[in-house]
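S.K.: build the 3D model from these lines:
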Amino acid sequence: MFGHKPTKQNIGQAPGDSGGFFDLAKKTLLKDPTKFLDGMMKYDKENISEKCVKSVKAIVEAPTFDLADVKKANSAMEGICKWAIAMMKYYDLLKIVNPMREKVSEMNAKLVIVRRDLAEKMAKLKAVEDKMAMLEATY
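M.R.: A predicted model of the protein is given here:
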C-alpha cells in the first residue's frame, strides 16, 4: 500500500513469498519501524488507488488468508493486517459516502443562492412595508 515494488532479485528470497515482498519489506518498510508506523498513521486513505485495493483485497479475501495464522506467526503483523483490512473497509465506505458528500456540496451551493435571493426579496419587502407605514402615517 505504500507503493514499493519488488524487483526480480527479491523473488524467492523467503519461503512462500513468490512475489518478493518479504525481502522488500525487510529492506524498506521494516528498516525504520517508527517511520513505517508514522506512514500508516498519515496514510492518505481518501485516495487509495483501485490497483492497490485489488491487490490488497486479493490477499485478505483469499481463502488461505487467516488472521489467526498471522497472529501465530507474528503479533505485530496481525496489527498491520488489521490496519490493511480497515483501509479496505474505509475504501468501500467511501464509495457510498463520496457521492453523498458531492450532493451535500451541490445542495449547499444552491442554498447559498436561495438565501441570497431571499435576502434581496426581504429587503424589497421591508422597503414596501416602510413606504406603506409612511403613507398610512401621512393619510
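
S.K.: if I look at the spatially most central residue of the chain, how far off is Y90?
M.R.: With distances taken as C-alpha atoms, centre = their mean, E46 lies nearest the centre of the chain, 2.5 Å away. From E46 over to Y90 the distance is 9 Å, taken as C-beta to C-beta, to the nearest Å. Yep, even glycine has a C-beta here, placed from its N, CA and C like the rest.

S.K.: overlap in contacts, those two.
M.R.: Contact criterion C-beta atoms under 8 Å, 6 or more residues apart in numbering; residues shared by E46 and Y90: none found.

S.K.: and the longest helix for this structure?
M.R.: Longest helix of the chain, by residue count under DSSP state H: helix 75-138.

S.K.: mean confidence score for that one?
M.R.: Average pLDDT, helix 75-138: 94.

S.K.: quick one on the thing from earlier: and the residue nearest to the centre of the chain, what does it touch?
M.R.: E46 neighbours (C-beta under 8 Å, 6+ apart): L94.

S.K.: what of M41?
M.R.: So M41 contacts nothing (C-beta under 8 Å, 6+ apart).

S.K.: what do you get for Y139?
M.R.: Contacts of Y139 by C-beta under 8 Å, 6+ apart: none found.

S.K.: again, but for V70
M.R.: Each residue near V70 by C-beta under 8 Å, 6+ apart is listed here: M77, E78, C81.

S.K.: tell me, how many residues neighbour the second one?
M.R.: Okay, so that is E78. 16 (other C-beta atoms under 10 Å).

S.K.: what's the helix or strand for T34?
M.R.: Using DSSP states H and E, T34 sits within helix 33-41.
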